[in-house]
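Below are the sequence and a predicted model for it; my questions follow.
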Amino acid sequence: MWAFYIGGFLGPFGGAMVTPMLPELADGLDTSLTTAAWALTAYLIPFAAIMLVSGTLAESWGRARTVRGAYVVYAVASLACALAPTAGLFLGGRALQGAANAFTSPLLVAAISAAVPRERLSRSLGWYASMQAAGQAFAPLVGGAAAAFDYRWAFVASALAAAGLAFVPPSDAAPADPGAAGTLTAWGRYKTLANRPLALACAVAFGLYLSTTGLMVLVALLGGDRFGLGPDARGLVIASFGVAGLATGRVLGRAADRFGLGRAGVTALLVFAAVTSVAGVVPAVWMLVAAVATAGAATTAARVVVNPLAVTSTPANRGGATSMTLSWQFLGSAIAPLVLLPVYHRAMSASLTVAAAGAVAAALLRTAASLRARSSA
């Protein structure tokens with residue numbers, strides 16, 4: 001299972017590691033800072049778009065072959081970024097990285113769901129979620145450290161990690177596995193995704209990431225405007241989000257197994273909403289760190305719940321259901337700044353806006369969990 005968890009770390013890490021190295025990218029590629037800033041967008045657009053279909057396609061092609069091939073492509077794309085002499089070639093490599101990662105993340109979640117007993121699923125996905133949180137949190141720190149020497153080393157390291165993971169892909173779904181979609185036609189696999197439980201899981205994922213990304217944007221702005229923190233200090237504050245998720249993911253997954261997905265997830269999202277509602281008005285940096293860390297743990301608990309809701313919503317197409325949910329998740333992340341920035345100048349309004357998204361996600365999650373319980377009865 002360790003290879004699945006490392007794969008979960010690599011996805012968000014590869015996307016976010018360019019954030020602190022934008023000036024170095026602009027200098028190294030002899031381009032403007034505005035063009036260098038496209039390094040994140042070039043990764044996320046194909047990543048989110050292709051995930052609408054990647055899981056369903058991969059279930060047809062075979063999990064092992066698809067994930068192995070995606071890791072090889074990711075490694076080649078990373079080396080292309082490291083060696084790119086121009087901004088255009090570099091951004092092309094970033095787009096290829098994002099496209100490759102769209103074929104790993106959903107398949108890893110589907111493989112975990114098929115490999116562990118149902119009563120331990122939340123625990124295993126909790127560890128996966130905590131590794132994703134760690135990748136998201138540590139990417140700016142590692143990327144910044146690499147950029148202090150040469151940004152290219154960050155991409156070389158990513159290429160080596162992906163090449164190593166290509167030797168340990170997940171197994172293909174067994175014929176008896178209810179998640180195996182091999183007997184369905186291509187259109188049949190897509191038709192299985194048109195169901196209410198999956199729609200609710202996508203809505204919860206959208207609201208969850210709209211609120212969590214909104215919190216990260218709010219914290220980054222407040223750290224500089226209110227507390228005068230530099231970029232390195234702001235990065236450390238934001239990193240507490242992922243550190244808390246990494247530390248608590250396994251325990252929170254065990255709690256979800258014990259108390260039920262609905263109760264654990266709704267509680268986590270309500271805690272997130274409560275903490276976020278005051279994050280914009282705290283008077284001290286340590287209080288901001290405490291709020292971010294608590295939100296990080298609560299978000300990891302919610303991730304633990306959303307992933308099982310997705311993979312169990314469509315047993316005949318687990319990979320497709322997971323990739324669809326992840327696509328809506330990253331769509332929520334993409335529009336978060338657009339929702340938050342118009343109200344940022346009123347810190348309390350910004351906090352309440354982010355908290356409201358978490359509260360709505362809690363209500364949707366309660367509905368989804370109730371529907372899941374009725375279908376299992």
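It's in.

Let me see the domain layout of the protein.
Domain assignment for the chain by automatic domain parsing gives 2-190, 194-376.

Mean pLDDT and mean neighbour count added to these, as JSON lines?
Just so you know, the C-beta spots here come from the backbone N, C-alpha and C atoms, and that holds for glycine as well. Formatted as JSON lines, the domains of the chain follow (pLDDT from 0 to 100; neighbours: other CB atoms under 10 Å):
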{"stretch": "domain 2-190", "mean pLDDT": "79", "mean neighbour count": "20"}
{"stretch": "domain 194-376", "mean pLDDT": "77", "mean neighbour count": "21"}
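
Can you give me the distance of I6 to F13?
As judged by CB to CB, to the nearest Å, I6 and F13 stand 10 Å apart.

Check the gap between F4 and L221 for me.
Counting by CB to CB - F4 and L221 are separated by 35 Å.

next one: G214
G214 is 11 Å from L221, by CB to CB.

Repeat that for G164.
Counting by CB to CB - G164 and L221 are separated by 38 Å.

other SSEs contacting the helix or strand hosting V67?
Per DSSP states H and E: V67 is located in helix 63-83. Secondary-structure packing of helix 63-83 (3 or more CB pairs under 8 Å, 6 or more residues apart in numbering; DSSP states H and E): helix 2-16, helix 38-61, helix 87-101, helix 105-115, helix 152-165.

Identify whichever of those lies nearest to A201.
A201 lies closest, by CB to CB, to one member of the helices and strands packed on helix 63-83: helix 105-115, at 11.8 Å.

can you state the direction angle for that closest one and helix 38-61?
With axes from the mean of the first three to the mean of the last three CA atoms, to 10 degrees defining the directions, helix 105-115 sits at 40 degrees from helix 38-61.

In terms of secondary structure, what does helix 105-115 contact?
helix 2-16, helix 38-61, helix 63-83, helix 121-149, helix 285-313, helix 318-340.

Nearest to P197 among those helices would be which one?
Among the helices and strands packed on helix 105-115, helix 285-313 sits nearest to P197 (CB to CB), with 3.8 Å.

Mind giving me the packing neighbours of that closest one?
helix 105-115, helix 121-149, helix 196-225, helix 231-259, helix 261-279, helix 318-340, helix 347-376.

which other residues reach stretch 290-298?
Under the criterion CB atoms under 8 Å, 6 or more residues apart in numbering, residues 133, 137, 212, 215, 219, 237-238, 240-245, 247-248, 252, 268-269, 271-272, 275-276, 278-279, 282 lie in contact with stretch 290-298.

ok, 7 Å please
133, 215, 219, 237-238, 240-242, 244-245, 248, 252, 268, 271-272, 275-276, 278-279, 282 (CB atoms under 7 Å, 6 or more residues apart in numbering).

Then stretch 16-24?
For stretch 16-24, the external contacting residues (CB under 7 Å, 6+ apart) are 25, 33, 36-37, 39-40, 136, 139-140, 142-144, 147, 151, 154, 231, 235.

at 6 Å what do you get?
The contact list for stretch 16-24 (CB atoms under 6 Å, 6 or more residues apart in numbering) reads A36, A37, A39, L40, Q136, A139, P140, G143, G144, A147, Y151, A154.

Tell me the one of those nearest A357?
Using CB to CB, the contacts of stretch 16-24 come closest to A357 at Q136, 18.1 Å.

show me what contacts the closest one?
Contacts of Q136 (CB under 6 Å, 6+ apart): P12, A16, G242.

Now with 8 Å, please.
Q136 neighbours (CB under 8 Å, 6+ apart): P12, F13, A16, F241, G242.

where's the residue nearest to it when sequence neighbours are not counted relative to A166, distance?
Nearest residue to Q136 in three dimensions, chain neighbours excluded: P12, at 4.1 Å (CB to CB, 6 or more residues apart in numbering). Applying CB to CB, the value for P12 to A166 is 19 Å.

Then P46?
20 Å.

starting at the chain centroid, how far to stretch 252-259?
Using CA atoms, centre = their mean, to the nearest Å, the mean C-alpha position of stretch 252-259 is found 20 Å from that of the whole chain.

Same check on stretch 12-19?
Centre to centre, stretch against its chain (CA atoms, centre = their mean), the figure for stretch 12-19 is 11 Å.

send the alpha carbons of that stretch over as PDB?
Provided in PDB are the C-alpha atoms of stretch 12-19 (Å, rounded to 0.1, in the frame of the first residue of the first chain):
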ATOM      1  CA  PRO A  12      -0.600  17.700  -5.200                       C
ATOM      2  CA  PHE A  13       3.200  18.100  -4.700                       C
ATOM      3  CA  GLY A  14       3.900  18.300  -8.400                       C
ATOM      4  CA  GLY A  15       1.200  20.900  -8.900                       C
ATOM      5  CA  ALA A  16       2.000  23.200  -6.100                       C
ATOM      6  CA  MET A  17       5.900  23.000  -6.000                       C
ATOM      7  CA  VAL A  18       6.200  25.800  -8.600                       C
ATOM      8  CA  THR A  19       4.500  28.400  -6.400                       C
END
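
now the helices and strands packed on helix 285-313 as CSV including distance to V311?
Converted to CSV, these look like this (distance: least, CB to CB, whole Å):
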stretch, distance to V311
helix 105-115, 4
helix 121-149, 8
helix 196-225, 9
helix 231-259, 14
helix 261-279, 12
helix 318-340, 5
helix 347-376, 11
